[in-house]
Each structure stands twice: as structure tokens, then as C-alpha cells.
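# give me a model of this one.
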Amino acid sequence: MEKSCTLLIHFDKGTPAIANEIKEALEGNDVPAKIDAMKKAIMLLLNGETLPQLFITIVRYVLPSEDHTIQKLLLLYLEIIEKTDAKGRVLPEMILICQNLRNNLQHPNEYIRGVTLRFLCRLNEVEIFEPLIPSVLANLEHRHPFIRRNAILAVMFIYKLPQGEQLLVDAPEMIEKALSTEQDQSAKRNAFLMLFTCAQDRAINYLLTHVDKVSDWGELLQMVVLELIRKVCRTNRGEKGRYIKIIISLLNAPSTAVVYECASTLVSLSSAPTAIRAAANTYCQLLLSQSDNNVKLIVLDRLNELKSSHREIMVDMIMDVLRALSSPNVDIRRKTLDIVLELITPRNINEVVQTLKKEVVKTQSGELEKNGEYRQMLIQAIHSCAIKFPEVASTVVHLLMDFLGDSNVASAIDVVVFVREIIETNPKLRVSIIMRLLDTFYQIRASRVCSCALWIIGEYCLSLSEVESGIATIKQCLGDLPFYSVSEEGDASDSSKKAQQVNSGTVSSRRPVVLADGTYATQSAASETAFSPPTLVQGSLASGNLRSLLLTGDFFLGAVVACTLTKLVLRLEEVQPSKVEVNKASTQALLIMVSMLQLGQSSFLPHPIDNDSYDRIVLCIRLLCNTGDEIRKIWLQSCRQSFVKMLSDKQFRETEELKAKAQISHAQPDDLIDFYHLKSRKGMSQLELEDEVQDDLKRATGEFIRDGDDANKLNRILQLTGFSDPVYAEAYVTVHHYDIVLDVTVINRTKETLQNLCLELATMGDLKLVERPQNYTLAPESSKQIKANIKVSSTETGVIFGNIVYETSNVLERTVVVLNDIHIDIMDYISPAVCSDGAFRTMWAEFEWENKVAVNTVIQSEKGFLDHIIKSTNMKCLTAPSALDGECGFLAANLYAKSIFGEDALVNMSIEKQADGKLSGYIRIRSKTQGIALSLGDKITLKQKGGS
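Residues are numbered from 1 along each chain as shown. Model (predicted):
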């Protein structure tokens with residue numbers, strides 16, 4: 001059996017000390033050598049050596065020493081040596097030690113007395129204590145507080161021993177007496193702690209008689225008071241009211257640790273609005289007053305918990321929480337915004353958006369390196385505010401449009417997506433947004449942002465002036481045609497290197513180009529023709545962002561430009577009475593499209609145009625040459641309708657999720673409900689009354705009832721041995737975040753006593769056993785509960801295997817019963833999560849581990865198979881339900897989950913229905929770590945068959 005260990009010291013096994021050397025050093029008179037030898041002896045003992053020959057040497061040569069360090073080391077040595085024999089009786093040589101300890105307890109030096117008293121707290125042998133008790137009690141009245149506080153602790157530990165109450169019959173009375181006269185804060189805390197652990201009624205009595213002075217007590221004592229209150233209120237909920245008053249009075253304590261503990265105690269004990277408001281206020285003050293980022297993150301976690309249980313109270317605190325944005329730490333800012341976004345109401349929306357706008361403006365200063373990331377978070381926050389409360393959109397949309405040309409592409413994309421959604425949901429803002437977008441379009445540098453902005457221009461330019469401005473803006477950003485001159489084409493085909501040197505400003509590369517005079521030009525081509533002398537046009541903003549992007553070979557953007565021009569020309573036909581103007585615009589658009597095709601097929605660019613973009617541009621050319629009503633309807637109405645449907649789908653999904661959350665109720669039909677108006681109110685303060693009412697409400701709505709239902713518990717019981725084995729064992733597996741608890745029930749099925757029965761476990765994968773197994777004796781037909789803790793460090797599937805070993809009186813060798821393996825399921829570690837499509841694609845590209853599982857199932861419906869996989873893998877489907885509707889013979893969907901270790905699991909499922917009705921295809925899993933990809937793959941392979 002393992003011994004309890006009170007001392008741990010790191011030991012370097014490199015140079016083991018020899019017992020004889022230690023013995024010689026201890027017998028000498030050199031104090032530093034003696035100290036060194038004692039340290040070596042202690043380390044060897046801690047490392048499993050026994051060194052029995054040293055004991056007498058130490059008694060003879062070390063006990064008499066006057067050196068304080070040696071005396072302290074002697075006590076450490078005595079703490080770790082074996083003091084009892086195999087039968088548990090105290091060794092006779094320990095009597096020598098008792099005399100020395102008694103002398104130490106009466107020593108004139110305070111330090112020696114104090115450390116000896118502290119040493120007594122580590123002993124368990126009653127026989128050693130008996131002769132020392134008068135000396136320990138005498139130290140309770142010593143003049144020095146260091147000795148008094150350690151004497152109180154020694155009394156507490158002796159009293160807690162199995163026969164402690166016989167050794168110190170009136171200890172609680174003595175300590176209570178000492179507490180009333182004690183002035184030292186630390187000794188006072190120890191005395192109160194002793195009463196709290198050994199005589200709780202006396203502690204409560206003392207607290208309630210000195211209730212007015214609690215706020216003046218020291219920090220240490222106040223912490224113990226809070227611990228006592230928590231314990232009392234858990235066992236006796238009826239007493240809660242008067243203790244909550246004490247906690248509220250402690251909220252003004254000078255110590256932040258006490259204040260934090262008070263707030264968390266209040267939240268755990270009471271649901272009264274006054275108490276919760278006081279706790280929330282306290283957390284908000286701590287959030288602003290503490291400079292440590294870890295403290296701020298912990299406080300934000302507490303506020304987040306309050307938000308989910310007491311939202312209406314937290315709504316009033318929203319501006320206090322927002323002040324945490326002043327911290328430069330990105331994690332704190334992210335957590336703050338997450339909390340705030342769920343507390344927004346029509347009353348506070350304007351204030352919140354005002355604050356967020358100020359923060360966005362601050363990010364332009366560019367002093368901090370993470371400004372781009374922070375700005376992106378703010379833009380997303382403002383976006384969700386504007387979607388929930390469309391009336392605030394007008395105040396923020398123009399400010400955000402300044403960031404369309406942001407160097408941080410992610411935040412620019414967020415802005416343009418926000419603008420796209422607002423222009424559809426707020427028709428009043430359409431004109432002002434379009435005018436602003438056309439004015440700032442030339443600043444946009446990112447291809448994806450340009451594509452989205454062009455789509456907005458194509459869809460929402462409705463009046464004549466808007467359509468004309470739209471066409472003019474695109475023409476201006478494309479620059480003069482053609483995109484390259486014929487002479488350049490020849491140069492490029494002759495020698496591309498030469499062309500790059502001569503026309504350094506006209507050749508596109510992904511880096512800035514250095515001009516002859518040493519200045520930089522961004523990628524842009526000179527607008528030269530065969531007739532004009534070649535000139536370099538520097539890549540200023542005015543030279544056209546679309547031109548620069550096209551010359552880098554981005555023909556997808558070219559296709560978007562072609563579609564936008566086509567839509568604008570079709571709309572111009574509707575709003576422009578003059579046919580001449582329409583034809584003029586149409587020919588200009590055709591010229592641009594033909595020029596793009598020409599550029600794509602020239603050898604001027606390293607990569608020719610891709611087939612998709614080519615087909616798209618050709619389609620636009622054909623359309624403009626031959627427009628009809630049917631085509632006009634598709635291009636001018638259907639696109640918009642699809643977008644509106646996408647937005648309404650998104651909104652529908654969000655409302656469905658909220659409804660589902662709201663419907664969860666745990667009230668039982670036969671629960672008792674108390675009626676507030678019929679309650680007795682005699683002698684109760686407002687706070688106590690509120691608290692009672694809240695408790696009744698909780699009882700009525702079933703909040704006291706735990707979620708875990710017993711039927712689910714039975715699923716987790718695993719049989720480890722057969723019914724015919726002499727020992728029957730079954731385990732109940734509980735998975736906490738980072739550890740697994742095995743609760744093993746072992747039943748002796750024989751008529752004999754089983755001795756030294758031991759449950760030996762071993763693990764495979766990222767699992768570690770925490771403690772060594774112990775030996776038990778099992779009476780005939782009796783049972784024993786054995787607990788085993790296992791630490792988990794990753795999501796990899798782990799296996800626990802082992803056996804039960806025991807001895808019986810009539811068989812000499814040990815009997816072994818091999819146990820069934822326990823497989824730890826990955827499903828216990830992953831939970832469904834949500835991420836944006838963009839984030840999913842980014843992670844998909846970054847993650848290096850992929851596991852590809854071929855579909856092999858008896859399920860014949862694509863949607864049914866997807867639902868089966870979602871249920872089996874505990875993942876969330878990111879693909880919108882509307883995209884999965886209908887029957888078309890194939891289906892592609894993205895699934896996402898997160899593990900408790902913060903790992904992401906991505907799954908893409910692509911399946912097709914064959915002619916014979918069977919499904920075929922692949923499920924691909926990607927993750928950052930190998931474990932999760934393999935484990936999920938195994939799980940899917942196991943479960944995908946479906947059927948029965």
C-alpha cells in the first residue's frame with residue numbers, strides 16, 4: 001500500500017551519495033558538511049532507500065546540535081522515516097525522539113518551537129503525541145504570535161486524529177477562548193479554521209456574535225468565514241438569509257481576493273436580484289481595477305456565467321463590461337465583445353454601437369500590431385448589432401465603408417459583406433450606400449472585396465444616374481484599353497526577360513517594381529498603344545485597382561466585371577430613353593470584355609485565362625449582342641431573389657436555434673410550487689424575501705434538477721469479467737474534461753476470503769494512470785468499490801486494459817482474472833461547434849492531417865445518410881438546410897466540431913447515388929493533429945453501415 005507523502009523534493013539521480021560517506025559527515029563537527037549530509041540522506045529516503053543504519057548516528061550526533069538549519073532538517077528527516085513496524089505499532093526507538101521533541105517545544109528560541117509545532121501537524125502516531133500534549137497546550141499562551149499560530153494548528157491536527165478527541169477533550173473550548181483574546185491576524189485565522197473544521201457550531205456562534213466586526217477582520221480570516229458560510233448554507237438552506245447579509249457587508253472589503261470570493265459565494269448561494277446585482281457590480285469593478293490579464297479573463301468567465309443565468313440583470317451592466325475593451329489584449333477584447341453581443345436590447349443598442357464606433361476609429365492610429373485583428377472583431381460585432389437592430393445601420397455603415405480599402409483583407413471582407421446585407425435589409429439606405437461605394441471603389445485593393453463590391457453595384461444601381469456612375473467607375477478603374485500593346489506582345493514572345501527589364505512598369509509581377517529612378521511602382525501596365533511612344537504610368541490609386549488585379553492574372557475578377565457591366569447595360573436599357581446612349585454603353589462594355597479575353601489569351605501573362613472565366617465572359621458578350629425579356633428577368637431579378645432567400649434562411653436558422661434553447665425545461669409535472677403572496681414574511685428583510693422567492697421559482701422551473709438522467713448512466717456501465725469468473729467486475733466510466741474516472745465494482749463470487757486483491761490497469765494512447773493500485777481483502781460474497789483516475793492529454797482513442805490479481809489462503813500462487821478492454825470514445829471529447837465558411841476553408845487549407853473514408857452503407861437516402869453521420873459523430877452541419885433540400889442524386893456537406901482540448905475537426909462529405917440506388921463517395925476528415933483524424937475516421941467506418 002502507498003504511504004501518504006507530506007514532502008516532495010526534486011532529486012538528481014546522477015550522483016548517488018553513499019551511506020558511509022553520509023555517516024562520516026554526520027559524525028564530524030563540520031556544520032556545513034553535516035547540513036549537506038542531512039540533505040542527501042533526506043533525498044535518498046524520499047527516493048525509496050531505507051538507510052536503517054543512519055538512525056542511531058543521527059540520534060547521537062545530530063540531535064544535540066544547536067544549529068537551526070540542522071534542527072529543521074532533522075524534523076524533515078523524522079517526518080519521512082518509518083515510525084511503525086509491519087503491524088502498525090510504533091517502533092521502540094521513537095521514544096528517543098519524543099524526549100527531543102519535548103525539549104524543542106520548551107526551547108528558548110521561538111523558531112525551534114515554531115517549526116517543531118509545525119512538524120507535529122505531519123505526524124499520525126498517537127503514542128508519540130501523548131507525552132507532548134502538555135507542552136503543546138502551554139505554547140497556546142506564548143507571547144510570540146509565530147508560536148501561537150503554529151500551536152493552534154498542532155492542536156487542530158491532533159484533535160482531527162482518530163483518537164484525538166480523547167487526547168484533547170476540551171480543545172474547542174480552549175481554542176475559542178484563545179480566539180476571543182487573540183490579536184494576531186494569522187493566529188486568529190488558524191483558531192477560527194480549527195473551530196470551523198472541528199466544532200462548526202462554535203464557529204457559527206462566534207461569527208454571529210461578532211457579526212458587526214466581520215468587515216474589520218483580516219483578509220485571511222474573512223476567507224475562512226466565506227468558506228464556513230458556503231458550507232453551512234449548503235447543508236442548511238433555510239439559514240441562508242442572515243449569512244447573505246454578512247457576504248454583502250464583505251463586498252466592501254479592501255482585499256480584492258475577499259471581494260472576488262464574496263461575489264462568487266453570493267452567486268452560488270442566492271438568485272435574489274439584489275444579490276446578483278451586487279455580485280455583477282463587484283465583478284465589473286474588478287475587471288477595471290485589476291491589471292493582470294489572467295484575472296480579467298477569469299472575471300469575464302464569471303460574468304459570462306452570470307449572463308446565461310441572469311441575463312436581465314447583466315443587461316444593465318453592459319456599459320461597465322464594455323469598458324474592458326480598453327485592455328490591449330486581444331483575448332480579453334474578444335471575450336468582452338462575445339458577452340456584450342448577447343446582452344444587447346433596444347434600450348442600450350445606441351450606446352453600445354456608439355462605443356464600438358469610437359473603438360473602430362481608435363484602431364486607425366496603428367500603434368498596436370494587432371489593430372487589424374481587433375478592427376475585424378469590432379466590424380463583426382457592429383454587423384451583428386445592425387442585423388438585430390436595423391435602425392442603427394444608418395449610423396455605422398458610412399463609417400465602416402471607409403475600411404473597404406483596409407490593408408487587413410479579412411476586415412475589408414467583413415465590411416463589404418456587412419454592406420451587402422444592410423443594403424438589402426435597409427432599402428432607405430440604398431442610395432447613400434451606392435453613392436458612397438462608387439466614390440470609394442477605387443481604394444479597394446483586395447480581389448475578393450472588389451468582387452463583392454461589383455456585385456453590389458450590379459444589383460443595386462437602379463436610377464439612371466446611378467447606372468451611369470457605376471459604368472463610369474468601372475471604366476475608370478480598368479484604365480485605358482487595351483491592357484497591353486501589340487509591340488509588347490512581340491517583345492514578350494521574343495524574350496520575356498528583356499520585356500521585363502525594358503517595360504518594368506508594364507509587366508505584372510506580384511512584387512512592387514523598381515523604376516529607373518529608384519522609386520516603386522505597383523503592378524500596373526502602361527496605357528500605351530502602338531502609335532504613342534512608350535511611357536510608364538506609375539501605379540497610383542487612380543491608375544485603377546481593377547487593372548492592377550487583372551494584370552496579375554485574376555480572371556475570376558474579370559468574369560465578375562463582365563457580369564456587372566452586363567447587368568448595368570441591361571438596366572440602362574430600362575431607365576435610359578435614348579437608344580443611342582444604350583448602344584454606346586453596350587459597345588464600350590463589349591470592348592472591355594473582348595480586351596479581357598485578348599489579355600487572357602496573350603503570352604503577356606505567365607498563366608492564360610481559366611476555362612470557367614472564359615466561358616462566363618463569352619456568355620456576357622453573347623447576351624449583350626442578343627438581349628431578350630427572359631434573359632433580362634434572370635439577370636436582373638433572379639440573382640437578387642437568391643440573395644434574399646439566403647438572408648431569410650440565415651435568419652430562420654438563428655430564430656430556430658433560439659427557440660430550441662428557450663424550450664428546454666426541467667420542471668417535473670408533480671413538483672411543489674410555493675406561492676409568493678401566501679408566504680409568511682415575519683421578520684424577513686427584503687433580500688431574504690427575494691432569495692426565498694427565487695428559490696421557489698427555481699424549484700418550479702426545475703433548475704435544481706441535474707441534467708444527467710439515470711437511463712443514460714446505465715449505458716456507460718461496462719462489464720469487465722464474465723459471470724462465471726470467481727471475481728465479477730464492472731466499471732462505470734465518467735469522463736470529465738481532462739480526466740476519466742473508472743468506478744469499478746468488484747464482487748467476490750466464491751465462499752473464500754480473497755487476500756491482496758489488486759486491480760492492475762495499463763493504458764495505451766494518450767492516457768496516464770494517476771495513482772498506483774492498492775491491495776484489498778474481500779470477504780466471501782462481498783463487494784468493493786474501487787476508483788481509478790486516468791489523465792487524458794489528447795483526443796486520440798485510448799484503450800484501458802488490465803487484470804484483477806488476488807490470493808486465497810489455500811492456493812500458494814496468485815490468481816489472475818483478465819479484464820475486458822475499455823475503449824475511450826472520442827465522442828466524449830468532441831462537441832458540435834459553429835464557424836464561418838471562410839474560417840472553415842482557411843482551416844481546411846492549413847491542416848496537414850487528412851483521413852479519407854470511402855462510403856459503404858446500406859442507407860439509400862443521401863439526406864438520411866448525412867443525418868446518420870451527424871448523429872454518430874456528434875458534429876454540426878455547417879451547410880444550410882436549404883442547400884441540402886430536394887433530390888438531385890448527389891450531396892456535399894461540411895461538418896465541424898471542436899474538442900475540449902481546443903482542437904478543430906473538419907469533415908467534408910461528398911456522396912452520389914448510383915444507378916442501383918446505392919450511395920458511393922468519400923468522407924474526408926482534416927485536423928491539425930493525427931489523433932483526431934484517425935479516431936474520427938475509425939468512428940465513421942464503424943458507424944456508417946447504418947441499417948438496424
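
# can you pull the contacts of residue 805?
If you count contacts by C-beta atoms under 8 Å, 6 or more residues apart in numbering, residue 805 has them with 756, 757, 758, 760, 814, 815, 816, 817. Quick note: C-beta positions are derived from backbone N, CA and C, even for glycine.

# of those, which one scores lowest on pLDDT?
The lowest pLDDT within the contacts of residue 805 belongs to residue 814, with 82.

# is it correct that it is in contact with residue 808?
No - the pair residue 814 / residue 808 is not scored as a contact, 9.3 Å apart, by C-beta atoms under 8 Å.

# so for these two, which sits in the more crowded spot?
residue 808 (16 against 13; other C-beta atoms under 10 Å).

# which residue sits closest to that one, ignoring its sequence neighbours?
Nearest non-adjacent residue to residue 808, counting by C-beta to C-beta, 6 or more residues apart in numbering: residue 752, 5.0 Å away.

# give me the element the one you found is part of.
If you go by DSSP states H and E, residue 752 is not part of any helix or strand.

# contacts only, for it.
Contacts for residue 752 (C-beta under 8 Å, 6+ apart) come out as 780, 808, 809, 810.

# could you list the low-confidence segments of the protein?
1-4, 12-17, 238, 366-370, 485-543, 661-713, 737, 795, 811, 946-948 (pLDDT under 70).

# could you find the closest non-adjacent residue to residue 305?
Using C-beta to C-beta, 6+ apart, the nearest residue to residue 305 is residue 267, at 7.6 Å.

# let me redo that: residue 815
residue 806 (5.7 Å).

# thinking that neighbour is in contact with residue 754, fair?
Yes - using C-beta under 8 Å, residue 806 makes contact with residue 754 at a distance of 4.3 Å.

# mutual contacts of those two, please.
727, 778.

# show me where the stretch 801-948 of the chain has its strands.
815-818, 822-824, 830-832, 849-854, 876-877, 890-899, 904-913, 919-927 (DSSP state E, counting those that start in this stretch).

# can you redo those as CSV with distance to residue 57 and mean neighbour count?
Formatted as CSV, those follow (distance: least, C-beta to C-beta, whole Å; neighbours: other C-beta atoms under 10 Å):
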stretch, distance to residue 57, mean neighbour count
strand 815-818, 44, 14
strand 822-824, 50, 20
strand 830-832, 60, 17
strand 849-854, 60, 15
strand 876-877, 69, 18
strand 890-899, 56, 20
strand 904-913, 62, 21
strand 919-927, 60, 20
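
# how about these, which one is nearest residue 436?
In terms of C-beta to C-beta, the element of the strands of the stretch 801-948 of the chain nearest to residue 436 is strand 890-899, at 34.5 Å.

# quick one, helices of the stretch 251-400 of the chain?
Ranges of helices in the stretch 251-400 of the chain, per DSSP state H, counting those that start in this stretch, are 256-269, 273-289, 293-309, 311-315, 318-322, 330-341, 349-362, 371-388, 393-401.

# could you check the angle the first one makes with helix 293-309?
When you say that, I think you mean helix 256-269. Angle, helix 256-269 to helix 293-309, by axes from the mean of the first three to the mean of the last three C-alpha atoms, to 10 degrees: 20 degrees.

# check which helices and strands helix 256-269 sits against.
If you count contacts as 3 or more C-beta pairs under 8 Å, 6 or more residues apart in numbering; DSSP states H and E, helix 256-269 packs onto helix 219-235, helix 240-250, helix 273-289, helix 293-309.

# now the angle from the shortest one to helix 219-235?
Using the same axes, to 10 degrees, the interaxial angle of helix 240-250 with respect to helix 219-235 works out to 160 degrees.

# can you give me the buried ones in helix 240-250?
240, 241, 243, 244, 246, 247, 248, 250 (16 or more other C-beta atoms under 10 Å).

# also stretch 469-482?
Applying a neighbour-count criterion of 16+ other C-beta under 10 Å, one finds 469, 470, 471, 473, 474, 475, 477, 478, 479, 481, 482 buried in stretch 469-482.

# all helices of the stretch 51-200 of the chain, in order?
54-57, 68-80, 94-105, 110-120, 126-129, 133-138, 145-160, 164-167, 171-181, 185-198, 200-209.

# want to try TSV for those, with mean neighbour count as columns?
Converted to TSV, the helices of the stretch 51-200 of the chain look like this (neighbours: other C-beta atoms under 10 Å):
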stretch	mean neighbour count
helix 54-57	18
helix 68-80	19
helix 94-105	17
helix 110-120	21
helix 126-129	17
helix 133-138	16
helix 145-160	22
helix 164-167	14
helix 171-181	18
helix 185-198	22
helix 200-209	16
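
# now the ones you listed as CSV including distance to residue 236?
Formatted as CSV, the helices of the stretch 51-200 of the chain follow (distance: least, C-beta to C-beta, whole Å):
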stretch, distance to residue 236
helix 54-57, 51
helix 68-80, 39
helix 94-105, 40
helix 110-120, 34
helix 126-129, 33
helix 133-138, 33
helix 145-160, 23
helix 164-167, 24
helix 171-181, 20
helix 185-198, 15
helix 200-209, 10
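
# and of the ones you listed, who's closest to residue 849?
helix 68-80 (47.4 Å).

# could you redo the helices of the stretch 251-400 of the chain as a markdown table and give each row distance to residue 462?
Listed next are those as a markdown table, based on distance: least, C-beta to C-beta, whole Å:
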| stretch | distance to residue 462 |
| --- | --- |
| helix 256-269 | 55 |
| helix 273-289 | 48 |
| helix 293-309 | 43 |
| helix 311-315 | 40 |
| helix 318-322 | 39 |
| helix 330-341 | 33 |
| helix 349-362 | 28 |
| helix 371-388 | 22 |
| helix 393-401 | 18 |
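
# what's the single longest helix in this structure?
Under DSSP state H, the helix in the chain containing the largest number of residues is helix 639-663.

# that one versus helix 293-309: what angle between them?
Going by the same axes, to 10 degrees, helix 639-663 makes 80 degrees with helix 293-309.

# what's the closest of the buried residues of helix 240-250 to residue 729?
Nearest to residue 729 among the buried residues of helix 240-250: residue 240, at 43.1 Å, using C-beta to C-beta.

# for that closest one, which non-adjacent residue is closest in space?
residue 233 (5.0 Å).

# what about residue 424, how many residues nearby?
Taking other C-beta under 10 Å as the definition, residue 424 ends up with a neighbour count of 17.

# so what's it up against?
640, 643, 644, 647.
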